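Engineer: Give me coordinates for this.
(one chain, ligands or ions: 2)
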Amino acid sequence: MSSVIRLLPDHVANQIAAGEVVQRPASVVKELLENAVDARATSIKLVVKDAGKTLIQVIDNGKGMNEIDARLCFERHATSKIAAAEDLFQLQTKGFRGEALASIAAIAHVELKTKEKNSELGTHIIIEGSNVISQEVAVVPDGTSFSVKNLFFNIPARRNFLKSDQVELRHVIDEFERVALAHKDIHFVFINNGSEIFHLPISNMRQRIVNVFGGKTNEKLVPVQETTEIVEINGFVAKPEFAKKSRGEQFFFVNNRFIKSGYLHHAVTAAFEGLLRDGTHPSYFLYLNLPPNSIDINIHPTKTEIKFDDEQALYAILRATVKHSLGQFSVAPVLDFQKDMTLEVPYELSGMPSVAPSIQVDTNFNPFEEKKHANNLAGKIGTAIVRSGFNPFESSATHTSTAKSGFSNTSFLEKKQKSAGWETLYEGMSDAKEFILSSHHEIDEEEVTGSLFDEEALAAHTTRQTYQLHKKYIISPIKSGLLIIDQRRAHQRILYDYYIQSFQVKQSASQQLLFPLSLYYSVYEMELLKSIENELIQMGFSFDVLTEEKIVILGTPESISESSVSIVLEDLLNDLQGNIPGETKVLHDRIAKSLAQSLAVKTGTFLSEKEQEDIVNSLFGCENPQTSPFGKTTFVTMKVEDIDKKFM
Ligand code: ADP
Ligand code: MG
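Structural biologist: Ligands and ions are numbered 1, 2, ... in the order given. The predicted structure is shown next:
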């Protein structure tokens, strides 16, 4: 039998390898930028068309290549950066695999122009799908320019797999930002579809971060600095009050290489412990320098993960350093929203001797007494229940009053829940007996006919009566029983419908701000805002200027208070991140969802009776009151029969 194993032709091997190195346009951007950095360029220009699907060009003023190297660089495992295995442990460069250019050339149309500084003439090579189309001597500037066109032209499946331009552009920007943040000593320019979206002059670290993320970033940054035997740490963390809902701005650089590390991330988050609002993530830009032989970059093909020799020590140092910075730059005082107010001595009392606190309990306090309706309800339909000590609303009242008398229904329930077998249901029965007996007794007296609730009482209460349970649910008696509404989800539904409606009109009612509000954004965020300008106006926003990085707001929709504008827009930008749907309806849906999400009352928020009623009434004015815009159940009902059954 003849042998069946054959060596793959180079172009096939390259295509296979390309699958690993080049996943999307952003991968090409990363490789080309890193090559330019390795070539010691001081100025690098990135030009992209159609999010890199049509063109990615990187022009540098680095050391260039001679004629032979220009041809060799497209060979697999051709690299000038390491010569022997030992070099892997002393890496100072980004690249070392010699794989990138071979891979890119296998799946795209590539044009290279390059010249070394002290040569008269340079080289011009065109290579398509690993085939060299032409190579000639040419007059070109110092440095190197790679143009990559028609990515994946010979792998249609991969090309079709690419996401929308907006998503791909976001990935490209991510890669650009990572390289740009790691190399403040290089001048970067990024041009997308003919317009300059980043211009980053050589600067210090803080200025580079500000140039990338916009002017508003400056005030957020707290410097971090520490030098120990095993690591030198520099950089910034953002003050806790600027923590974001998305995990956007989190950067670790190790020896100027962007890396991801769940472990180190945890160390930073631990340093922020107790300082962050729920569900928010700290931003950070941390530069770690370690001896190259104490790290191993080789464990991941796309090289964003690395291994450290002494991970635990690094964790401890990083955590302590960040914590120290947060403390030292007295970040605490601005954290008013977090602070326990009891720790603050009011100005007029400062300096006075302190007295030990004493507790006074008003045993007559009834949280429902002031609420006329509640009283009414109790009086009409619930005398028996209330008088016997059972108060269905007591669990919510425990927050306001600890004064309870008589049989505690909660403890009964607790016992019941804890008990495993049915026999144990009788535990605590001696306590409960009184409750059951008296209830029976009184309900009998009330002559219950058919419905437990008398019709008249209901007519009076159906629309008015609401109670809040655990600052989470709104309870409202209805004819057939009880309505239990999730306050947050219901409010989301109401707001969502409201904003969807506002898109049907030219411009919704707007409230003028007393003073114009200037908000600062990165160039990229401003692009996003500009592309939804019409929608913002329809909702009731009005602007004065929309410049490169600033927006001046004159008016806001009636539903959005001045203090929440910046948060709402920030959330909206996060939710839209890099993906503005082309279809208007989809866009409207996304915006309305985002606003509903940021503006809806939170679980845990106390609602006045009026607010509760508003929510109930508005919810049932919606077309689909049953679900939130995110498809979650907004309310459930509990039928009287079901309640009856529980008492059988
Ligand atoms: P690696 O970066 O891992 O060495 P690449 O395939 O990315 O592999 O590049 C191969 C070689 O081509 C590099 O080692 C370098 O010598 C040369 N090269 C690539 N890009 C440039 C550039 N912009 N300027 C000068 N030389 C370059
Ligand atoms: Mg490389």
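Engineer: going forward, measure contacts between C-alpha atoms and count neighbours the same way
Structural biologist: Fine.
Engineer: And the pLDDT at the spatially most central residue of the chain?
Structural biologist: Centroid-nearest residue in the chain, with C-alpha atoms, centre = their mean: residue 246, separated by 1.2 Å. Taken from the predicted model, the pLDDT recorded for residue 246 is 74.
Engineer: That one looks like it's in a helix, true?
Structural biologist: No - the assignment for residue 246, made by DSSP: H, G, I helix; E, B strand; the rest coil, is coil rather than a helix.
Engineer: Chain neighbours aside, what residue packs nearest to residue 493?
Structural biologist: residue 628 (4.8 Å; C-alpha to C-alpha, 6 or more residues apart in numbering).
Engineer: From what I see, that neighbour and residue 490 are in contact.
Structural biologist: Yes - assessed by C-alpha atoms under 8 Å, residue 628 is found in contact with residue 490 at 6.3 Å.
Engineer: what touches both of those two?
Structural biologist: The contact sets of residue 628 and residue 490 overlap at residue 634 (C-alpha atoms under 8 Å, 6 or more residues apart in numbering).
Engineer: Of the two, which one has the most company?
Structural biologist: Applying other C-alpha atoms under 10 Å to residue 628 and residue 490 shows that residue 490 carries more neighbours, namely 30 against 23.
Engineer: Distance-wise, check the more buried one relative to residue 252.
Structural biologist: Taking C-alpha to C-alpha, to the nearest Å as the measure, residue 490 falls 40 Å from residue 252.
Engineer: Check residue 529 too.
Structural biologist: Applying C-alpha to C-alpha to residue 529 and residue 252 gives a distance of 28 Å.
Engineer: Next: residue 104.
Structural biologist: With C-alpha to C-alpha as the criterion, residue 104 and residue 252 are 27 Å apart.
Engineer: For the two, indicate the residue with more neighbours.
Structural biologist: Neighbours were counted for residue 104 and for residue 252 using other C-alpha under 10 Å; residue 104 has more, 29 against 22.
Engineer: near ligand 2, anything from stretch 55-74?
Structural biologist: No - figure legend: stretch 55-74 not in contact with ligand 2 (C-alpha under 5 Å from the ion); closest approach 9.4 Å.
Engineer: What mean pLDDT does that stretch get?
Structural biologist: 96.
Engineer: hey, C-alpha coordinates of it in CSV?
Structural biologist: Extracted as CSV, the C-alpha positions of stretch 55-74 are listed here (Å, rounded to 0.1, in the frame of the first residue of the first chain):
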residue,chain,number,x,y,z
LEU,A,55,-8.9,48.1,4.0
ILE,A,56,-6.5,48.1,7.0
GLN,A,57,-3.3,50.1,6.5
VAL,A,58,-0.6,50.7,9.1
ILE,A,59,2.1,53.2,8.2
ASP,A,60,5.2,53.5,10.5
ASN,A,61,8.4,55.4,10.5
GLY,A,62,10.3,52.5,12.0
LYS,A,63,13.5,50.8,10.9
GLY,A,64,12.1,49.3,7.7
MET,A,65,13.2,46.2,5.9
ASN,A,66,15.8,45.5,3.3
GLU,A,67,14.8,43.8,0.0
ILE,A,68,15.5,40.3,1.4
ASP,A,69,13.7,40.7,4.7
ALA,A,70,10.7,42.3,2.9
ARG,A,71,10.2,39.1,1.0
LEU,A,72,11.1,36.8,4.0
CYS,A,73,8.7,38.4,6.4
PHE,A,74,5.8,36.7,4.7
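Engineer: roughly how far is that stretch from the heart of the chain?
Structural biologist: Offset of stretch 55-74 from its chain centre (C-alpha atoms, centre = their mean, to the nearest Å): 39 Å.
Engineer: Quick check: buried residues in it?
Structural biologist: Within stretch 55-74, the residues that count as buried by 16 or more other C-alpha atoms under 10 Å are 55-67, 69-74.
Engineer: Provide a list of residue ranges in the stretch 1-150 of the chain with pLDDT below threshold.
Structural biologist: The stretch 1-150 of the chain contains residues with pLDDT under 70 at 1, 81-92, 94-96.
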